[in-house]
Structures are given as C-alpha cells and as structure tokens.
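S.K.: Just the structure for this:
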Amino acid sequence: QVQLVESGGGLVQAGGSLRLSCAASGRTLSSSATGWFRQAPGKEREFVAVIGWSGAYTYYADSVKGRFTISRDNAKNTVYLQMNSLKPEDTAVYYCTTPRNPTYAGSRPNEYQYWGQGTQVSVSS
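M.R.: Residues are numbered from 1 along each chain as shown. Sure thing, here's the model as predicted:
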C-alpha cells in the first residue's frame, strides 16, 4: 500500500504561481504513473494532469494545458505540479493519486486507487 501526501497549496492572486508536491511512502512512486485531480465546492472531482512512470509521457486537461506542468523526481519519490497563470476557477482541493494499473495514464478517476488527503489552492481575483 502507498501513502500519498500533498503539500504546497495556499492562497495566491490571479496570475500567480504555486508548486504542489506529492510525496509517497510505503511504496515507490517510480514504478507507477501518477495523476493530479481537483475538486471545487459543489463540483465533481476532475482530472488535471498525469505523468507516466518514467516522466516521458504527460497528459493534461484542456483547462490547464499551457499553464500547468507535471513532473517527477523518482530519486525523491515525489511528483510535482507547477501551476502558473492561476485563475480564480483553479480554486479547488488538489489531490494526487496512483492508478490500479501502474501503466494507466488517463483521466478516468475510477481507474485510480490510492489518493492523498488533498491540499487547498485558492486563487483570488
């Protein structure tokens, strides 16, 4: 079993940047794809980005493409989400997650098994 812990959230003005981190314990992240999802109040959890186990493959939601960058440092067992040009509509709790099939690198939340507790990102206008 793997435990995922997100950090790096906070309050930022529109146009600002934040970098989220997802640290893993209990099992290495280096052998698994890792994704980020977010959930705003009153809305369903939505896909943000995913990175393959090696870091060579990445996939983004259209709403964040060009603004967010997912990366990983397997030596540190950590995955990052660099968020630039933040907008008020990016306000949500952000979760990192790993899939049941370590090679799955898609956007369907039901394919993901382990989830962190989330970190709040708030963007003011």
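
S.K.: Which of the three states applies to Ser63?
M.R.: Following DSSP: H, G, I helix; E, B strand; the rest coil, the label given to Ser63 is coil.

S.K.: wait, what's in contact with it?
M.R.: By CB atoms under 8 Å, 6 or more residues apart in numbering, the contact list for Ser63 reads Glu89. All C-beta spots, glycine's among them, are computed from the backbone N, C-alpha and C.

S.K.: Just the element for the residue most central in space within the chain, please.
M.R.: Centroid-nearest residue in the chain: Trp36, 2.3 Å away (criterion: CA atoms, centre = their mean). Here Trp36, judged by DSSP states H and E, is contained in strand 34-39.

S.K.: What is the distance between the helix or strand following that strand and the centre of its chain?
M.R.: Beyond strand 34-39 in the direction of the C-terminus, DSSP H and E gives the next helix or strand as strand 46-51. Chain-centre distance of strand 46-51: 6 Å, with CA atoms, centre = their mean, to the nearest Å.

S.K.: Same check on stretch 55-70?
M.R.: Centroid separation between stretch 55-70 and its chain, computed with CA atoms, centre = their mean, is 10 Å.

S.K.: What residues of it count as buried?
M.R.: Judged by neighbour count using 16 or more other CB atoms under 10 Å, the buried positions of stretch 55-70 are Thr58, Tyr59, Tyr60, Ala61, Val64, Phe68, Thr69, Ile70.

S.K.: likewise stretch 92-111?
M.R.: 92-99, 104-105, 107, 109, 111.

S.K.: which among those gets closest to Ile51?
M.R.: Ala105 (7.2 Å; CB to CB).
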